[in-house]
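S.K.: Structure, please.
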Amino acid sequence: MKKTEEEFWSKFWQKVKLPETVDLRFKNDRVIAENFLKYIPKASFDKRVLEIGCAPGKWLVLFNKELNYLISGIEYVPIAADKTVENFKILNIPEEQYTMQKADFFTLQPNPIYDTVFSLGFIEHFDDWEAVLDKHLMYCKSNSYLVIGLPNFKGLNYYLQKFIDNHTTETKLLPVHNLNVMSLDVLGKYAKERNLEIKMLSYIGGFERSLFNTNVGNMVTKLTLKSLVRICAILFGKFNTKNTSSYIFGVFKVK
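M.R.: Take a look at the predicted model:
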């Protein structure tokens, strides 16, 4: 069962401005990029990567330009798929080096031709996240990599986001995220049960203030939130724990 619907994502992607690339000045982008470049071998355009839920394609751009992969993406929201292709064109990626499937991931017949399959901020939007990850694996060839990234709304982050949800008129974030999957133990257990080699599985990024929308509520609420987030960033910005880190990242080798 999906915890978010197409209307939610259509509104989200309509606001996105292009071009969009990985921004190394932004800590969350930087630490994710560092781990991709550290654990995924560089290719010579003879390897393929698939991103599930890929809009606007900035991570596929990284794979193409930095790791020399042929890139593919799947998006079920039409405007998200169109935005991704537009982003590739603006960034001068040759048409023969990318493909885009505008379809529901769950209705597609997987083709296990990919050397790396990944999703970032995807699996936590489903109740049956294990089935979602199993579908990821169906696209993986032997000796490939499965990479999973997702936000961490546990510990300190949970209480901050709960406060924000209670003061926002927009979509509340905690109800549309499956908090049960936000655990190294849970993901490690999944990897063991599927006979995946864990290359890395860790909290990354420390506390990340940009995870939170502090422009909610009245002026007093906004000022309080901004101050709290700023203080937390100073105190916990460099600490990677289940109670303080903004993000979970895992790299698994498919045997």
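
S.K.: what about Lys189, how many residues close to it?
M.R.: 12 (other CB atoms under 10 Å). All C-beta spots, glycine's among them, are computed from the backbone N, C-alpha and C.

S.K.: gap between it and Val216?
M.R.: 36 Å (CB to CB, to the nearest Å).

S.K.: swap in Thr244?
M.R.: Thr244 is 22 Å from Val216, by CB to CB.

S.K.: Please apply the same query to Gln97.
M.R.: 41 Å.

S.K.: do the same with Pro112
M.R.: Pro112 is 44 Å from Val216, by CB to CB.

S.K.: higher neighbour count, these two?
M.R.: Neighbours per residue (other CB under 10 Å) separate Pro112 from Val216, with Val216 holding more: 17 against 13.

S.K.: Make sure that one is actually in contact with His167.
M.R.: Yes. Contact criterion CB atoms under 8 Å: Val216 and His167 qualify, at 4.7 Å.

S.K.: Can you name the residues that contact Ile93?
M.R.: Residues in contact with Ile93 (CB atoms under 8 Å, 6 or more residues apart in numbering) are 61, 64-65, 71.

S.K.: Sorry, wrong one. I was asking about Ser72.
M.R.: 48-51, 60, 98-101, 114.

S.K.: Can you redo the residues you listed as TSV, where the extra columns are distance to Asn92, secondary structure and neighbour count?
M.R.: Shown next, in TSV, are those (distance: CB to CB, whole Å; DSSP: H, G, I helix; E, B strand; the rest coil; neighbours: other CB atoms under 10 Å):
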residue	distance to Asn92	secondary structure	neighbour count
Arg48	20	strand	20
Val49	18	strand	26
Leu50	22	strand	28
Glu51	19	strand	25
Leu60	14	helix	27
Tyr98	11	strand	20
Thr99	17	strand	14
Met100	16	strand	20
Gln101	22	strand	16
Tyr114	24	strand	24
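
S.K.: Poorly predicted segments of the stretch 1-150 of the chain, please.
M.R.: For the stretch 1-150 of the chain, the stretches flagged by pLDDT under 70 are 1-14.

S.K.: how about the helices in it?
M.R.: 6-14, 27-39, 58-67, 78-90, 129-137 (DSSP state H, counting those that start in this stretch).

S.K.: Just say which of these is most tucked in.
M.R.: helix 58-67 (a mean of 21; mean count of other CB atoms under 10 Å).

S.K.: For the closest residue in space to Lys42 that isn't next to it in sequence, give me its contacts.
M.R.: Among residues not flanking Lys42 along the chain, Leu67 sits closest, at 5.2 Å (CB to CB, 6 or more residues apart in numbering). With contact taken as CB under 8 Å, 6+ apart, Leu67 is in contact with 36-37, 40-43, 49.

S.K.: how close does Leu67 get to Ala81?
M.R.: 22 Å.

S.K.: now Val216
M.R.: In terms of CB to CB, Val216 sits 30 Å off from Ala81.

S.K.: Same question for Tyr190.
M.R.: In terms of CB to CB, Tyr190 sits 28 Å off from Ala81.

S.K.: ok but Tyr203 is inside a strand, no?
M.R.: Yes. Checked against DSSP: H, G, I helix; E, B strand; the rest coil, Tyr203 lies within a strand.

S.K.: Can you get me a residue count around it?
M.R.: Counted with other CB under 10 Å, Tyr203 comes out at 20.

S.K.: which residue sits closest to it, ignoring its sequence neighbours?
M.R.: Nearest to Tyr203 is Ser245, by CB to CB, 6+ apart, at 3.5 Å.

S.K.: so how far is Tyr159 from that neighbour?
M.R.: For Ser245 relative to Tyr159 (CB to CB), the value is 15 Å.

S.K.: and the two? which has more neighbours close in?
M.R.: Ser245 (25 against 12).

S.K.: tell me the secondary structure for Phe217?
M.R.: Quick fix: residue 217 is Gly, not Phe. coil.
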